[in-house]
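Asker: fold the following, please.
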Amino acid sequence: MQAYKLNATIDESGHLIIDEPLNIAPGKVEVIILQPVPSLETSTELQPHKPRRKSKVKAFEGLFENAPPTPPDFDPDQARWEALKEKHNL
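Answerer: Numbering: from 1, shown residues only. Presented below is the predicted three-dimensional model:
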């Protein structure tokens, strides 16, 4: 499949309007829509204040503020093993 990147607009009624003419062969196409998300500053203003993650290392104090939470099924030992396998080509 050949990929093309175009600019388009969704109007109030939900119709896709392509802002430029297409110079491609007629036929069926698959459309993937990527919509820009609000910036991190804007999205954090709208959300309630999250508790800060503590760090014993002063240099890392603000590093964890915007980090995503750890998934509940995260296994640190498995993550270490995967990193070692990758590092040593096991």
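Asker: pLDDT at the residue nearest the centre of the chain, what is it?
Answerer: Central residue of the chain (C-alpha atoms, centre = their mean): V37, 9.1 Å from the mean position. Per-residue pLDDT puts V37 at 79.
Asker: tell me which element E82 is part of?
Answerer: Element membership for E82 (DSSP states H and E) is helix 76-87.
Asker: and the strands in this structure?
Answerer: Assigned by DSSP state E, the chain shows strands spanning 8-10, 16-18.
Asker: the last one: partners in the sheet, and parallel or antiparallel?
Answerer: Neighbouring strands of strand 16-18 in its sheet, by DSSP bridges, are strand 8-10 (antiparallel).
Asker: can you give the contact residues for the strand it pairs with?
Answerer: Outside strand 8-10, the residues that touch it by C-beta atoms under 8 Å, 6 or more residues apart in numbering are L16, I17, I18, D19, I33. Every C-beta, even on glycine, is put in place using the N, C-alpha and C of the backbone.
Asker: contacts only, for the fourth one.
Answerer: By that I understand D19. D19 neighbours (C-beta under 8 Å, 6+ apart): L6, N7, A8, T9.
Asker: what residue ranges in the chain score low on pLDDT?
Answerer: Low-confidence segments of the chain (pLDDT under 70): 39-54.
Asker: 80 instead, please
Answerer: 1, 37-56, 58, 60-67 (pLDDT under 80).
Asker: next one: stretch 55-67 to chain centre, how far?
Answerer: Per C-alpha atoms, centre = their mean, to the nearest Å, the displacement of stretch 55-67 from the mean C-alpha position of its chain is 21 Å.
Asker: same check on stretch 13-31?
Answerer: The answer for stretch 13-31 is 25 Å, by C-alpha atoms, centre = their mean.
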